[in-house]
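Visitor: Prediction below, plus the sequence it came from.
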Amino acid sequence: MSSNFYVLCVSHDPAILSTEHRAGGDAADTIKTGSTLHPGCDLVIEEVSGGPVEIGCPPATSRGSGPRCYHSDVRWVEVQWLRMLSRAYTSADPKVADAVRQGRFTCWPQERLHRLRGSLGIEDEARERP
């Protein structure tokens with residue numbers, strides 16, 4: 001099955017679709033050259049193949065806003081890993097909370113993941129969030 005790549009604007013809550021592409025590189029180029037639909041916004045790339053597979057964080061130099069990341073290319077992370085990180089942010093387990101505090105999740109702060117809740121399949125958990 002082939003993948004589609006969507007540029008998502010995570011400056012909105014929840015994240016909204018900006019553009020659709022057949023290749024991840026095309027989506028990255030759209031962000032790099034500046035999306036006319038969402039200028040100055042925090043944009044990420046979602047790879048979908050039957051369902052969300054990965055989310056790509058473009059370099060901070062390519063985005064109008066968002067977390068200050070220090071990578072020079074798109075960094076892809078599996079949706080399952082981001083789902084676990086999102087749950088870890090809200091964990092009541094002290095060991096999990098400590099691991100999150102010690103981790104380097106510059107690209108994926110809690111608020112950014114919360115805005116991606118539809119792509120991450122955590123809508124129900126988000127409704128329960130105070």
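Guide: Ah, there it is.
Visitor: And the contacts of the host helix or strand of Arg101?
Guide: Secondary-structure assignment from DSSP states H and E places Arg101 in helix 94-102. Defining contact as C-beta atoms under 8 Å, 6 or more residues apart in numbering, one finds that helix 94-102 is touched by 85, 88-89, 91. Every residue, glycine included, has its C-beta placed from N, CA and C.
Visitor: average model confidence for that helix?
Guide: Mean pLDDT, helix 94-102: 92.
Visitor: how far is that helix from where the chain is centred?
Guide: For helix 94-102, the separation from the chain centroid amounts to 21 Å (computed by C-alpha atoms, centre = their mean, to the nearest Å).
Visitor: got it, and stretch 113-125?
Guide: The answer for stretch 113-125 is 10 Å, by C-alpha atoms, centre = their mean.
Visitor: Can I get that stretch in CSV, CA atoms only?
Guide: Only the C-alpha atoms of stretch 113-125 are listed here, as CSV (Å, rounded to 0.1, in the frame of the first residue of the first chain):
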residue,chain,number,x,y,z
LEU,A,113,1.2,16.0,21.0
HIS,A,114,-2.1,17.0,22.5
ARG,A,115,-2.9,18.9,19.3
LEU,A,116,-2.0,15.8,17.3
ARG,A,117,-4.4,13.7,19.3
GLY,A,118,-6.5,12.8,16.2
SER,A,119,-3.5,11.5,14.3
LEU,A,120,-2.2,9.7,17.4
GLY,A,121,-5.6,8.0,18.1
ILE,A,122,-5.9,9.5,21.6
GLU,A,123,-9.1,11.5,21.2
ASP,A,124,-10.9,9.7,24.0
GLU,A,125,-8.0,10.4,26.4
